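Trainee: mind looking at a prediction? Sequence and model below.
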Amino acid sequence: MINPIEINDLYFRYITSTDYILNGINLTVSKGEILAITGLSGMGKSTLLNIICGIIPHIRKGDIKGEARLWGRDIKDLKIADISKRVGIVFQDPDIQLFSPTVEDEIAFGPENLMVEREEIGRRIENVLKIVQMEDYRYENPNNLSGGQKQLIAIAAVLAMEPDILLLDEITSQIDDYGKERIKGIILNLKENGKTIVLVDHNRDILKLADRILELKNGKLSIKGW
Amino acid sequence: MDFIELKDLYFEYKRGKPIIENINLKINKYEITAILGPNGSGKTTLGKLMMGILKPTKGQVNISNMNSSNMTLAEISSKIGYLFQNPEKHFFCNTVEEELGFALRFNGQDVDYINRRVEELLILFQLEDKKGNCPLLLSQGEKQRLAIATILINNPEYLILDEPTTGLDSHRKSVLINILKELTKKGIGMTIISHDHFFIKELSHRRIGIHRGEIIYDKRS
């Protein structure tokens, strides 16, 4: 069976750095698995997610060695447009992700670019806003929302693309307790629907959702104990 | 000693949709005050009003008994250090080292003093090996640590910190708690806006809850 994510002996160094931030990563993630990656800040957790979604090497360049495969195909050989049809990433900083004049436009942007039918986009907007309980903000400018509300809209925008793999980079850092509980429910529901999830977090409540927890330290992954 | 006083404070972006509604509050200079509340309750807006980044629609903010509407942002920021929720809003220099030293260079400080302070803060926030890096290319946790360091280098009398633990791992969070406790011992008080219960429990003397722009509780530890 072909796994959604397979990484073999992966090394990566940013052009601006002399040191490799990833130093021999080996990782397999199965369909329907929730994998959590933890580690100190600056250890390369977000870098690894950026490789899995193709931002590295397609948009951000650097020295990359080894293999990173999605469903058996090397990410280097896939077009970023094709990767984004099946892999969604919620960035750590929602301000990077949100750029549209209204919440509705923001959520519609991904499906529109995937050539989803107009009626279906409307259905998805209603559905994802209901999931994150932000229906009242549909016509608001994302810039006027609070930090936590922006994170909820960034999550909704990625859910609307209905990806098979979701990469979640510290997505609850500014969200209140009630919102965190909702996000936990969303993650478990995605797993039940066969989605593959890789999440990076420092929050134990979120890490507890994972089937496996790995620690990224000095460029390598190892099993994390509490 | 009351340092910041909010009098009948009211703020709205859109007419008839108040974000802050009739808040009256006196904040002690030497304490750690926590502002808590759900997403969208007005916490960040309240912090920006306290700092003078936003001007109230109605009511008044006094800082050291002076109406903040009559003070320039430069005057206020010589007393209060403000951490934005998004650390990137702090950065505009090419390297971490330049970013850290900017405020002191701008104030015409002696080069030896600037270099010493920059080095101290790089070590304190474990950013020594990042000093030549571009701030915008740091990890989120590193950006957060750098943003806090850029505020502290200016030796503020008071701090307003909006979600200071975002992106910080548990080790760096403990380091930050210790740094802030040390600052409090030196007489530097602060207002902290956060959802991080552990962080607030460790630090705060007073907790103020807001909901839909109004104070719903005001408790002391």
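Mentor: Right, received. Where do you want to start?

Trainee: show me what the lowest-mean-pLDDT helix or strand in chain A is packed against.
Mentor: When the helices and strands of chain A are scored by mean pLDDT, DSSP states H and E, helix A:94-97 comes last with a mean of 88. Using 3 or more C-beta pairs under 8 Å, 6 or more residues apart in numbering or on different chains; DSSP states H and E, the elements in contact with helix A:94-97 are helix A:147-159. Where you see a C-beta, it was placed from the backbone N, CA and C, and this is true even at glycine.

Trainee: the helix it packs on near chain B anywhere?
Mentor: Yes - where contact is defined by C-beta under 8 Å from any C-beta of the partner chain, part of helix A:147-159 touches chain B, namely A:147-149, A:152.

Trainee: restrict that helix to CA atoms and write it as CSV.
Mentor: Included here for helix A:147-159 are C-alpha records, laid out as CSV according to Å, rounded to 0.1, in the frame of the first residue of the first chain:
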residue,chain,number,x,y,z
GLY,A,147,-5.8,36.9,16.4
GLY,A,148,-7.8,33.8,17.5
GLN,A,149,-10.6,34.6,15.0
LYS,A,150,-8.1,34.9,12.2
GLN,A,151,-6.7,31.4,13.1
LEU,A,152,-10.3,30.0,12.9
ILE,A,153,-10.8,31.6,9.5
ALA,A,154,-7.4,30.2,8.3
ILE,A,155,-8.5,26.7,9.4
ALA,A,156,-11.9,27.1,7.7
ALA,A,157,-10.2,28.2,4.4
VAL,A,158,-8.0,25.1,4.4
LEU,A,159,-11.0,22.8,5.3
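
Trainee: after that helix, which helix or strand is next?
Mentor: strand A:165-169 (DSSP states H and E).

Trainee: what strands line up against that next one, and which way round?
Mentor: For strand A:165-169, the paired strands and their directions (DSSP bridges) are strand A:87-90 (parallel), strand A:196-200 (parallel).

Trainee: reformat these as a markdown table; add mean pLDDT, distance to B:Q144 and mean neighbour count.
Mentor: Compiled in a markdown table, the strands paired with strand A:165-169 are given as follows (pLDDT from 0 to 100; distance: least, C-beta to C-beta, whole Å; neighbours: other C-beta atoms under 10 Å in any protein chain shown):
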| stretch | mean pLDDT | distance to B:Q144 | mean neighbour count |
| --- | --- | --- | --- |
| strand A:87-90 | 96 | 18 | 24 |
| strand A:196-200 | 97 | 15 | 24 |
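
Trainee: which one, of the ones you listed, ends up nearest to B:G213?
Mentor: Across these, the minimum distance to B:G213, taken as C-beta to C-beta, is reached by strand A:87-90, at 28.4 Å.

Trainee: pLDDT score assigned to the residue nearest the centre of chain A?
Mentor: For chain A, the residue whose C-alpha lies nearest the mean C-alpha position (C-alpha atoms, centre = their mean) is A:L167; its distance is 2.1 Å. What the model reports for A:L167 is a pLDDT of 97.

Trainee: got a list of what it touches?
Mentor: Applying C-beta atoms under 8 Å, 6 or more residues apart in numbering or on different chains, we find A:L167 in contact with A:49, A:52-53, A:87-90, A:197-199.
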